[in-house]
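In: Need coordinates for the following:
(chains A, B, C and D)
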Protein chains: 4
Amino acid sequence: MTTSFDIEVFVRFAETDAAGHINNTSYFLYLEEARTKFFYEVGIGKTNKPSIINFILASTKCDYVSQAFAGQILKVTTTVTNIGTKSFTVDHVITTDMDQVVARATATLVCFNYAEQRTEPIPDLIRNNLEKNFTKING
Amino acid sequence: MTTSFDIEVFVRFAETDAAGHINNTSYFLYLEEARTKFFYEVGIGKTNKPSIINFILASTKCDYVSQAFAGQILKVTTTVTNIGTKSFTVDHVITTDMDQVVARATATLVCFNYAEQRTEPIPDLIRNNLEKNFTKING
Amino acid sequence: MTTSFDIEVFVRFAETDAAGHINNTSYFLYLEEARTKFFYEVGIGKTNKPSIINFILASTKCDYVSQAFAGQILKVTTTVTNIGTKSFTVDHVITTDMDQVVARATATLVCFNYAEQRTEPIPDLIRNNLEKNFTKING
Amino acid sequence: MTTSFDIEVFVRFAETDAAGHINNTSYFLYLEEARTKFFYEVGIGKTNKPSIINFILASTKCDYVSQAFAGQILKVTTTVTNIGTKSFTVDHVITTDMDQVVARATATLVCFNYAEQRTEPIPDLIRNNLEKNFTKING
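Out: Have a look, this model is predicted:
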């Protein structure tokens, strides 16, 4: 049973900084890509235009655990950790190909109706998919 | 008495996304610029090369409160909220020129010795400056 | 008589790379900001949404002349060098506060009607403004 | 016989702008990634630290041919078009998975000795590799 969703990203030279490692802001590019592809997997809609119902980022946090460098291939693992009425929360872990943790992050996504510019309950189809396929099992 | 440090940033078109507003990742560019200029003010060293002692970002969080757009001039206000032995924490508030809150963020900075690749106590000169000039007063 | 248009940009740490200097891709951020502000000056419309008539970038080129670094304040000077029926071309020069040339660039902008998704002749008001106020004088 | 080198890139939402398509600056990220991976292939050294001899970007140009969007997978094809004493030039073509041309670009790379901070003739091993394996055949 799938309880997490993985992507791989190649670290671009432009994403590093003069300290020699990945710049703190670049991690959020990787996390956004992880969520975009996770959304496709969950059925939130592969589109470049905002669909009528979408999930917007309400909050995100990143803890920087170890350095990583240009040319590395990093894995971003996304797991759903909480599902509310109108929002859900994911954990992201970024690791090297040697399984060293580079960063740990969270993101809270809110269901938003662009046409009416207001939040909405998560549609059942998406809620079921999130619950069954991507939620960490406790115990 | 100064208890916060402000900068202004111009929102570039490249920092927006196809949803029409500033992309979630771009806020971290503004926050980094705010901390860089705050560091100059505190005396942490204006240099493009890592000095022997520097402050590295251990963690950062951003809550997205309202949308903002290309061409706007945003204010980023930085306040020290906690000073520990080896680290300190700042709050950032991003507002429009109409004083509308766009985002609220925090960042934890750790004193790091690059030469020895380990954390260190915050030097007294910097600690005093942080305490006297940039810390929010309670009560 | 104005024949060029200047802006200043602060070089962010995130815009550097592990070679220690500004990453090649970051210069295009500065050039875009220069054009956006130049457009305001010319009267091409300060708006975050594409207006019906706008100018889109058809081509851009950058020659990297010397290195520049985080924390520097760079000047971007924009001059109109050619005005055609539907497009015009600008030169950009990026310099340090010591007047050292960091990069030289060009950009070709085409008048585009978003509503009809086709190119259009440059409106007279804009053409006159470009010709009178921002074009390099020869001889 | 190989005469070109291809990579695929996923277009991130952060790489688009409020006009709804990929921002002009983002293409240079794709081109840099293409050159980095091309360099690995040619044997220019997979490292995050500048090696003593490296190739630096002297000039780059991009013509924007058609729009592309978030979520698309683009192909970047790199071909060597000219080899001089100390520099070589590549063409890049960016295409969609339907083979539509999105952008055409060029880049001039100069052999640079970081230790001595000066340009150098291209080492024979690299020159031979560039000539035999990646150069477009005429006639």
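In: Every contact and neighbour count from this point should use C-alpha atoms.
Out: Will do.
In: residues contacting the most centrally placed residue in chain A?
Out: By Cα atoms, centre = their mean, chain A has its centre lying nearest to residue A:35, at 3.4 Å. Going by Cα atoms under 8 Å, 6 or more residues apart in numbering or on different chains, residue A:35 touches residue A:78.
In: From residue C:11, how far out is the residue of chain A most remote from its centre?
Out: Within chain A, the residue lying farthest from the chain centre (Cα atoms, centre = their mean) is residue A:18, at 26.6 Å. As judged by Cα to Cα, to the nearest Å, residue A:18 and residue C:11 stand 12 Å apart.
In: could you list every residue that touches the closest residue to residue A:118 other than its chain neighbours?
Out: Leaving out its chain neighbours, the residue that sits closest to residue A:118 by Cα to Cα, 6 or more residues apart in numbering or on different chains is residue A:112, at 5.7 Å. Residues in contact with residue A:112 (Cα under 8 Å, 6+ apart) are A:53, A:54, A:55, A:56, A:118, A:119, A:120.
In: May I have the phi/psi pair for the last one?
Out: So that's residue A:120. Main-chain dihedrals, residue A:120, degrees, to the nearest 10: phi -140, psi 160.
In: Near it, how many other residues are there?
Out: Other residues near residue A:120 number 17, with proximity taken as other Cα atoms under 10 Å in any protein chain shown.
In: C-alpha coordinates for the longest helix along chain A, CSV please?
Out: Across chain A, the helix with the greatest residue count (assigned by DSSP state H) is helix A:26-42. The C-alpha coordinates for helix A:26-42 follow below in CSV (Å, rounded to 0.1, in the frame of the first residue of the first chain):
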residue,chain,number,x,y,z
SER,A,26,15.8,26.6,-3.7
TYR,A,27,14.4,23.9,-1.4
PHE,A,28,11.0,25.4,-1.8
LEU,A,29,11.2,24.9,-5.6
TYR,A,30,11.8,21.2,-5.0
LEU,A,31,8.9,21.0,-2.5
GLU,A,32,6.6,22.8,-4.9
GLU,A,33,7.5,20.3,-7.7
ALA,A,34,6.8,17.5,-5.3
ARG,A,35,3.4,18.8,-4.4
THR,A,36,2.5,19.5,-8.1
LYS,A,37,3.3,15.9,-9.0
PHE,A,38,1.6,14.6,-5.9
PHE,A,39,-1.5,16.6,-6.9
TYR,A,40,-1.5,14.8,-10.3
GLU,A,41,-1.3,11.5,-8.5
VAL,A,42,-4.1,12.4,-6.2
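In: If you count neighbours, what's buried in that helix?
Out: Neighbour-count burial for helix A:26-42 flags A:26-39, A:41-42 (criterion: 16 or more other Cα atoms under 10 Å in any protein chain shown).
In: Among those, list the two that are farthest apart in space.
Out: A:26 and A:42 (24.6 Å; Cα to Cα).
In: Tell me, please, where in chain A the pLDDT is lower than the cut-off.
Out: A:1-2, A:45-52, A:136-139 (pLDDT under 70).
In: Spell out which parts of it neighbour chain B.
Out: Chain A has residues A:18-19, A:24-26, A:28-29, A:48-50, A:57-65 near chain B, with proximity defined as Cα under 8 Å from any Cα of the partner chain.
In: do that again at 7 Å, thanks
Out: Chain A comes close to chain B at residues A:18-19, A:25, A:28-29, A:48-50, A:58-64, as judged by Cα under 7 Å from any Cα of the partner chain.
In: Stretch A:54-64 near chain D anywhere?
Out: No - counting by Cα under 7 Å from any Cα, chain D is not contacted by stretch A:54-64; separation bottoms out at 12.4 Å.
In: Just checking the distance from that stretch to the centre of its chain.
Out: Put simply, stretch A:54-64 sits 8 Å off its chain's centre (Cα atoms, centre = their mean, to the nearest Å).
In: Using PDB, write down the CA coordinates of it.
Out: Written as PDB, here are the backbone C-alpha positions of stretch A:54-64 (Å, rounded to 0.1, in the frame of the first residue of the first chain):
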ATOM      1  CA  ASN A  54      -7.700  24.100  -6.500                       C
ATOM      2  CA  PHE A  55      -5.400  23.800  -3.400                       C
ATOM      3  CA  ILE A  56      -3.400  26.800  -2.400                       C
ATOM      4  CA  LEU A  57      -0.500  26.800  -0.100                       C
ATOM      5  CA  ALA A  58      -1.400  28.400   3.300                       C
ATOM      6  CA  SER A  59       1.800  27.700   5.100                       C
ATOM      7  CA  THR A  60       5.100  26.000   4.700                       C
ATOM      8  CA  LYS A  61       8.100  25.300   6.900                       C
ATOM      9  CA  CYS A  62      11.500  23.900   6.200                       C
ATOM     10  CA  ASP A  63      14.200  22.700   8.600                       C
ATOM     11  CA  TYR A  64      17.600  22.500   7.000                       C
END
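In: Let me see the contact set for residue A:106.
Out: Residues counted as contacts of residue A:106 (Cα atoms under 7 Å, 6 or more residues apart in numbering or on different chains) are A:60, A:61, A:62, A:90, A:91, A:92.
In: one more time with 10 Å
Out: A:31, A:59-63, A:78-81, A:89-93, B:61 (Cα atoms under 10 Å, 6 or more residues apart in numbering or on different chains).
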